[in-house]
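Q: Show me the folded form of this:
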Amino acid sequence: MRSRTRAAWLFLLPALVFYAVFLIFPVVSSLYLSFHEWNMLTPPLQASSVGMQNYTHILRQDPVFLKALWNTLVFVAVSVPLSIALAVLMATLMSRRRFAGLWRLIFLLPTITPAIALGMVWRYLYRPNYGLINTLLNAAGIASQPWLNDPATALMSIIITAVWAGIGSNLIVVDAGMRDIPEEYYEAAAIDGAHGWQRFRHITLPLLKPTLLFVFVTGTIAAWQVFDFIVAMTAPTLGRAGGPVNSTMTLVVYMYQTAFEYLNMGRASAMAYVLFFIVIAVSLVQLRVFWRGGVENY
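A: Modelled structure (predicted):
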């Protein structure tokens, strides 16, 4: 028995070492650095302790952080529900239709394409002078829009790109959940005279709650960490990610700039933990809302 236990630990050892080095150590070290001032040019153990100063600074004295927090909140609140709603709509339209597999593949292609590449393509589509979107608007008699160059439209332009890119992954999950619903429920509802919307409201949505919970939680966690689209779509045009006038600055982008451009790793670590607790709180609220709706009964 002891030999089997020893062999099991030996097999687990590589995974445990990987887990400790690339997860446990960064988490603990970033927590330590969040209470210190460290510029990455000296040994971290020699960093001077500042207590809660990093946290109080970003929450009370850093307007860029508060702007980034607001932008990220808007991005999450708009992109996640919109992407999931469109995925549910597309999955409903494709349900048990011909060529459904082809449509799934078409919607999935943006998901398997790197976000940096998608951002670069959409940056050219949004170009104010020769971009395809403005060219189509001009053909329809509508004036060109500044899109990424205007603080009023820059964030929404990135949200549109993120929604378009995220529909595919949500669609695959939602479509799988819909196909798992027994057809007998719909047949019984049809016999009782229920039309399409009634069947969707009283059968599809309730039985789809576990799937919707999954895509909402995972989509929200990913949206709070948006980085690739911001960098790909704003940095080459404006010279620095997060513009214009910090209108597309998000928490992760500002965290990156604070750590690797301003060389203030302690303050960036504090931002990381603020983001961590926000994501945990939002996820718990989502779980609470879905559980209250009866998701545990399915």
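Q: Skip ahead from the strand or helix carrying Ile160 and say which helix or strand is next.
A: Here Ile160 sits within helix 154-179, counting by DSSP states H and E. For helix 154-179, the following helix or strand on the C-terminal side (DSSP H and E) is helix 183-191.
Q: and that following helix, what does it pack onto?
A: helix 196-199 (3 or more C-beta pairs under 8 Å, 6 or more residues apart in numbering; DSSP states H and E). (C-beta placed from N, C-alpha, C; glycine too.)
Q: what does the helix it packs on rub up against?
A: Helix 196-199 is contacted from outside by 186, 189-190, using C-beta atoms under 8 Å, 6 or more residues apart in numbering.
Q: follow-up on the earlier one: packing partners for the helix holding Ile160?
A: Packing partners of helix 154-179 (3+ C-beta pairs under 8 Å, 6+ apart): helix 63-94, helix 100-112, helix 115-125, helix 209-224, helix 228-238.
Q: Mean neighbour count, those: which tops it?
A: Most buried of those by mean neighbour count (mean count of other C-beta atoms under 10 Å) is helix 228-238; its value is a mean of 21.
Q: Excluding its own residues, what touches the next helix or strand after that one? List them.
A: Using DSSP H and E, the next helix or strand after helix 228-238 towards the C-terminus is helix 251-260. Applying C-beta under 8 Å, 6+ apart, the external contacts of helix 251-260 come out as 40, 64-65, 68-69, 72, 224-227, 230-231, 241-242, 264-265, 267-269, 271-272, 274-275.
Q: what phi and what psi does the backbone show at Met249?
A: Main-chain torsions, Met249, degrees, to the nearest 10: phi -70, psi 130.
Q: quick one: Pro210 and Val174 touch, right?
A: No - the pair Pro210 and Val174 does not pass the contact test of C-beta atoms under 8 Å, sitting 11.2 Å apart.
Q: Give the rounded mean pLDDT of stretch 231-244.
A: Stretch 231-244 comes out with an average pLDDT of 84.
Q: Apologies, that question was intended for stretch 265-273.
A: pLDDT averaged over stretch 265-273 gives 94.
Q: ok now it, how far from the chain's centre?
A: Put simply, stretch 265-273 sits 20 Å off its chain's centre (C-alpha atoms, centre = their mean, to the nearest Å).
Q: for stretch 170-184, same thing?
A: With C-alpha atoms, centre = their mean, you get 22 Å for stretch 170-184.
Q: what about Asp175, how many neighbours?
A: Using other C-beta atoms under 10 Å, Asp175 has 22 other residues around it.
Q: right, I mislabeled it, should have said Arg240
A: By other C-beta under 10 Å, 15 other residues sit near Arg240.
Q: Repeat that for Thr153.
A: 16.
Q: Over to the one 5 residues further on?
A: Using other C-beta under 10 Å, Ile158 has 28 neighbouring residues.
Q: Do you know the pLDDT at the closest residue to Met90 other than its chain neighbours?
A: Residue nearest to Met90 in three dimensions, not counting chain neighbours: Leu171, with 5.4 Å by C-beta to C-beta, 6 or more residues apart in numbering. pLDDT for Leu171: 91.
Q: show me the contacts for Leu171.
A: So Leu171 contacts 87, 90-91, 104, 107-108 (C-beta under 8 Å, 6+ apart).
Q: In this structure Lys67 contacts Thr248, no?
A: No - assessed by C-beta under 8 Å, Lys67 is found out of contact with Thr248, at 10.1 Å.
Q: Please identify which two of the contacts of Leu171 are farthest apart in space.
A: Ala91 and Leu108 (12.4 Å; C-beta to C-beta).
Q: returning to that earlier point: mind checking which of the helices and strands packed on helix 154-179 is nearest Pro182?
A: helix 209-224 (14.9 Å).
Q: Brilliant, that's me finished.
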